[in-house]
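*Asks:* output the structure for:
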Amino acid sequence: MARALNFVMFFLVILFFALTVENHQANATGTEAPAPQPQSSNNHTMNGITEGSLQPQECGPRCTTRCSNTQYKKPCLFFCQKCCAKCLCVPPGTYGNKQFCPCYNNWKTKRGGPKCP
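*Replies:* Numbering: from 1, shown residues only. So this is what the prediction gives:
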């Protein structure tokens, strides 16, 4: 019984601190978290291709090109196609150039690393 009570008390203390930190962060900025904004029409352009201008059927060839120099082709193609389906954009070249597709560049994993190759 005492062990269960200790566990409940520990959980409540952790919850209290989590809420306190969250409130402190919201007060420090003076506002709540900003509402998600719709994608702006200020899309990046390169070689006549605008971010978000691809059709879903164009993702396969673009991702094949993007992943052509990696030794991890299967996972590269999987994540590239997933990112392309969401963003309708694949950066040019086989590496880098992500500034031309901000959606593709800004999608992160749970750990904060890049989701898209």
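
*Asks:* what does the pLDDT read for Pro56?
*Replies:* Pro56 is assigned 84 on the pLDDT scale.

*Asks:* do the same with the one 5 residues further on
*Replies:* The score at Pro61 is 94. That number is its pLDDT.

*Asks:* which element is it on?
*Replies:* helix 59-66 (DSSP states H and E).

*Asks:* alpha carbons only: can I get the helix or strand following that helix in PDB?
*Replies:* Remark: after helix 59-66, the chain's next helix or strand is helix 73-87, criterion DSSP H and E. Listed next in PDB are the C-alpha coordinates belonging to helix 73-87 (Å, rounded to 0.1, in the frame of the first residue of the first chain):
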ATOM      1  CA  LYS A  73      18.400   2.800 -51.300                       C
ATOM      2  CA  LYS A  74      15.400   1.100 -49.800                       C
ATOM      3  CA  PRO A  75      15.000   3.300 -46.700                       C
ATOM      4  CA  CYS A  76      16.000   6.400 -48.800                       C
ATOM      5  CA  LEU A  77      13.300   5.700 -51.400                       C
ATOM      6  CA  PHE A  78      10.700   4.900 -48.700                       C
ATOM      7  CA  PHE A  79      11.200   8.200 -46.800                       C
ATOM      8  CA  CYS A  80      11.700  10.300 -49.900                       C
ATOM      9  CA  GLN A  81       8.400   9.100 -51.400                       C
ATOM     10  CA  LYS A  82       6.700   9.600 -48.100                       C
ATOM     11  CA  CYS A  83       8.100  13.200 -47.900                       C
ATOM     12  CA  CYS A  84       7.300  13.900 -51.600                       C
ATOM     13  CA  ALA A  85       3.700  12.700 -51.100                       C
ATOM     14  CA  LYS A  86       3.300  15.200 -48.200                       C
ATOM     15  CA  CYS A  87       5.300  18.100 -49.600                       C
END
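
*Asks:* could you check the angle helix 59-66 makes with helix 73-87?
*Replies:* Helix 73-87 and helix 59-66 are oriented at 130 degrees to each other (axes from the mean of the first three to the mean of the last three C-alpha atoms, to 10 degrees).
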